[in-house]
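Asks: Predicted model follows, preceded by the sequence.
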Amino acid sequence: MRSIPTSTAGIPIPAAPLSRALGRLCASLALAVSSLVLGAWLLRPLLPIDGSPLWLMKANTALGVLGVSLAMLLLDARGDGARRLRVALGASVAALCAVILVQWAAGHDLGVDQLLAADPSAHFPGRTSPWTAAMLGSLALGSAAHGARRFDRLADAALVAAGVVLQLTLAGYLYGVIALYGVDPLTRVSPQTLACLLALWVAGIVGRLGTGLLEIATRRSPGGSAVRLLVPVALVLPVLLGWARLLAQSAGLFGSTQLGVAVFAVTQTLILVALVLWFGRRLDASESRYVAERERREELEQFVAICAWTGQVRWHGRWIRVEQYLAERWGVQVTHGISDEGMRQLEGEVAARRTEASSRGRAGEPQVDADAPPRAAGADLEPPAELRRAARQVGKPAPAAGR
């Protein structure tokens, strides 16, 4: 039985043009930075800029960021050609990152670090850091798996893995813990690399909205609202509070480490409680508006508009047959028969047709098939003669052809 919905949980919110533009902007920025760095590496013998921070991003890193950026720009592209190109780019970068991680794990140089450009560094020349390779490989794998239903979980897992490593890297930079973002000061995630990876992760999140793990984030429901509000806060708030607590501890504002930890915990608790209370009031106001709207709709739907001429019913701005209205509004399956009154009218119409056929035969006019069943209302190009005569009797014009 079909009735008025009591929840909006299943109604998705269309992807906003602003979110799509944000994803394209982030991917484009990463593409621009990686193109600049890669071009500088290829032209390094001609560029007298040995002390430039450009060299902090390795050539293979720039190549990988370039490939993932192009793949992210193709997330919403239509057509088999664009999809194949995105998959090829993502798979290629993921394979490159896998080789780099194998080098770090095995302690051997497989000869891929300086394929594009020579690196004069004496310490792991040209080698991408393991944190960069892990994040870049996860993003590349997620972009390649995007759009295929059987690989939805793989795309979600890759995006989550990239987010976890990215969170650790950001925390390492904020807290000054080099073990969280590099092997040593010469082999680490550079600031420009971190910025590009953060932009690509945001582009991946935007591209996955409405699918897989992020499907709930696009729903008009309490769950969707909670995800859209609480997840960003959960990602940012603890890291920022921990950083602020570390700065205050370094400045001597807390007499002991225990006091700093206590202040951090209490502050985080108060902020989360205030956020939950505010969100609860917002949900309550939203539910009140929805209940009022539902009651208004129910009151309006007590009145059913029926066309006095055709007998059709107006439903959601359309004029439909009564049978269709019953099926859509109440889920009622309708069958057809003929009543006693309808049978008498049908017999009278057939008798009148036979009389008319006999009269035309005597007058030499074209014959009419008196035994043909009467056509349904609206199926004739011209209204029946009886309808025209009735209209003239009541002083109204006859209906036009085809109406």
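Replies: On my side now, so go ahead.
Asks: All the helices of the chain, residue numbers only.
Replies: Secondary structure of the chain by DSSP state H: the helices cover 17-42, 59-73, 80-106, 130-145, 152-175, 191-208, 222-250, 257-300, 322-330, 340-363, 385-393.
Asks: And the ones you listed: which comes nearest residue 311?
Replies: Smallest distance to residue 311 across those (CB to CB): 6.7 Å, for helix 322-330. C-betas here are computed from N, CA, C, even on glycine.
Asks: Can you flag the weakest of the helices of the chain by average pLDDT?
Replies: Mean pLDDT is lowest for helix 385-393 among these, at a mean of 50.
Asks: show me what contacts residue 152?
Replies: Residues near residue 152 by CB atoms under 8 Å, 6 or more residues apart in numbering: 145, 211, 212.
Asks: dump the residue contacts of the second one.
Replies: Which is residue 211. Contacts for residue 211 (CB under 8 Å, 6+ apart) come out as 146, 152.
Asks: Please tell me how far it sits from residue 232.
Replies: Separation of residue 211 from residue 232 (CB to CB, to the nearest Å) stands at 19 Å.
Asks: cool, residue 114 as well?
Replies: Distance, residue 114 to residue 232, by CB to CB: 40 Å.
Asks: quick one: which of those two has more around it?
Replies: Neighbour totals were compared for residue 114 and residue 232, and residue 114 leads with 15 against 10 (other CB atoms under 10 Å).
Asks: pLDDT at that one, what is it?
Replies: Residue 114 carries a pLDDT value of 86.
Asks: swap in residue 4?
Replies: Residue 4 is assigned a predicted lDDT (pLDDT) of 36.
Asks: Could you tell me how many residues sit around the spatially closest residue to residue 195 that is not a sequence neighbour?
Replies: Distance criterion CB to CB, 6 or more residues apart in numbering; nearest residue to residue 195, sequence neighbours excluded, is residue 33 at 7.4 Å. Residues within reach of residue 33, counting by other CB under 10 Å, total 21.
Asks: measure residue 33 to residue 182 for me?
Replies: With distances taken as CB to CB, residue 33 is found 19 Å from residue 182.
Asks: Spatially central residue in the protein, please.
Replies: For the chain, the residue nearest the mean C-alpha position is residue 210 (2.9 Å; CA atoms, centre = their mean).
Asks: Phi and psi next, for that one.
Replies: Here is the backbone geometry of residue 210 (degrees, to the nearest 10): phi 90, psi 0.
Asks: Quick check: the gap between the residue lying closest to it once chain neighbours are set aside and residue 281.
Replies: Nearest non-adjacent residue to residue 210, counting by CB to CB, 6+ apart: residue 218, 4.4 Å away. Distance from residue 218 to residue 281, counting by CB to CB: 23 Å.
Asks: That'll do, ta.
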